[in-house]
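**Student:** what follows is a predicted structure for the sequence shown.
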Amino acid sequence: MLTTATSAGRRVPGRREFLLRTGSLALMLLVVVAWFVLLRPSSLGGPSTYVIVSGDSMQPTLDSGDLVVAFEEDSYSVGDVVVYKVPGAESGAGTNIVHRIVGGSPQTGFVVKGDSREGPDHWEPTAEEILGKMTVSVPLVGSGLLSLRTPPGMALLAGLTTLLVALGVSQRSGTEARRPLRAENDR
C-alpha cells in the first residue's frame, strides 16, 4: 500500500511515494545546478552565450530561427563559427553576430564572414571581443522561444501553467477527499 490513513482520516504518504517524490525533487535540483554551473549564460557570469540566428548569412550551416550555444575558448582559429558583438560606435551596436572565421589573427583581429556572403564583415573582432565558439545549434528552437515573447505566446504559456497547477491541486484534493470516505466506510 502506497499510503496509509491516520485515525483523523488524513493521508500519510507511504515510503515508496516519499522516495519517488524525494528522488524527483533531487533530480530536478541536480538539473538546475548542472545548468547553472555548465550552461549559465555569460550575462549571468556563466561560460555560455545563447544566440537566436536571424537572417540567412550562415546558410546552409545555420538557418534563421536556429538556437546557437557558444562557449568561450582559450583560442580561435580559421574555420570556427564564433559569436561576437557589433562594436559600440557602430550601427547595430551590441548585436550578437554568428559568423565563421576566415582569416586574420587574435592580436590584429579575425576576418569573419557569413557562409553565404560574398565578402567579409567590416568588423574584425580580436580574441577578447569574441564571446564564444559555436558548440551546439538546435534547429528552429529560437523561433519557438521568440514566439513566447508575443501576446499569444504569453497567453499560451500562462494557460499551460494554470492548467498544470490546477491539475496538481485537483489531483491532491481528489486523493484527500476520497481518503476520509474510505476511513468512514471501514468503521
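**Tutor:** All right, it came through fine.
**Student:** doesn't V82 belong to a strand?
**Tutor:** Yes. Counting by DSSP: H, G, I helix; E, B strand; the rest coil, V82 is found in a strand.
**Student:** just give me the neighbour total for the nearest residue to it once chain neighbours are set aside.
**Tutor:** Sequence neighbours aside, I130 is the residue nearest to V82 in space, at 4.9 Å (criterion: CB to CB, 6 or more residues apart in numbering). Where C-beta positions appear, they are placed from N, C-alpha and C, glycine not excepted. I130 sits with 23 neighbouring residues when counted by other CB atoms under 10 Å.
**Student:** next one: the one 10 residues further on
**Tutor:** Counted with other CB under 10 Å, residues neighbouring L140 total 12.
**Student:** quick one, what contacts it?
**Tutor:** D63, G65, D66 (CB atoms under 8 Å, 6 or more residues apart in numbering).
**Student:** please repeat the previous calculation with a cut-off of 10 Å.
**Tutor:** Contacts of L140 were listed using CB atoms under 10 Å, 6 or more residues apart in numbering, and they are D63, S64, G65, D66, L67.
**Student:** could you give me the average pLDDT of stretch 144-160?
**Tutor:** In this model, stretch 144-160 has an average pLDDT of 85.
**Student:** what is the end-to-end distance of that stretch?
**Tutor:** 15 Å (CA to CA, to the nearest Å).
**Student:** helix, strand or coil for S43?
**Tutor:** Of the three states, S43 takes helix according to three-state DSSP.
**Student:** ok, now which ones touch it?
**Tutor:** T49, Y50.
**Student:** closest to G23 among the contacts of L140?
**Tutor:** Distance to G23 across the contacts of L140 (CB to CB) is lowest for L67, with 30.2 Å.
**Student:** so what's the closest one scoring on pLDDT?
**Tutor:** Per-residue pLDDT puts L67 at 93.
**Student:** how many neighbours does it have?
**Tutor:** Around L67 there are 20 residues (other CB under 10 Å).
**Student:** dump stretch 55-66 to PDB, keeping only the CA atoms.
**Tutor:** Output of stretch 55-66 as PDB, limited to C-alpha atoms (Å, rounded to 0.1, in the frame of the first residue of the first chain):
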ATOM      1  CA  GLY A  55      18.800  36.200 -41.400                       C
ATOM      2  CA  ASP A  56      20.300  33.900 -44.000                       C
ATOM      3  CA  SER A  57      24.000  34.900 -43.900                       C
ATOM      4  CA  MET A  58      25.100  31.500 -42.400                       C
ATOM      5  CA  GLN A  59      23.100  29.200 -44.700                       C
ATOM      6  CA  PRO A  60      23.400  26.300 -45.300                       C
ATOM      7  CA  THR A  61      25.100  25.800 -41.900                       C
ATOM      8  CA  LEU A  62      22.500  27.700 -39.900                       C
ATOM      9  CA  ASP A  63      19.000  28.900 -40.700                       C
ATOM     10  CA  SER A  64      17.000  31.800 -39.300                       C
ATOM     11  CA  GLY A  65      15.400  30.700 -36.000                       C
ATOM     12  CA  ASP A  66      18.100  28.300 -35.000                       C
END
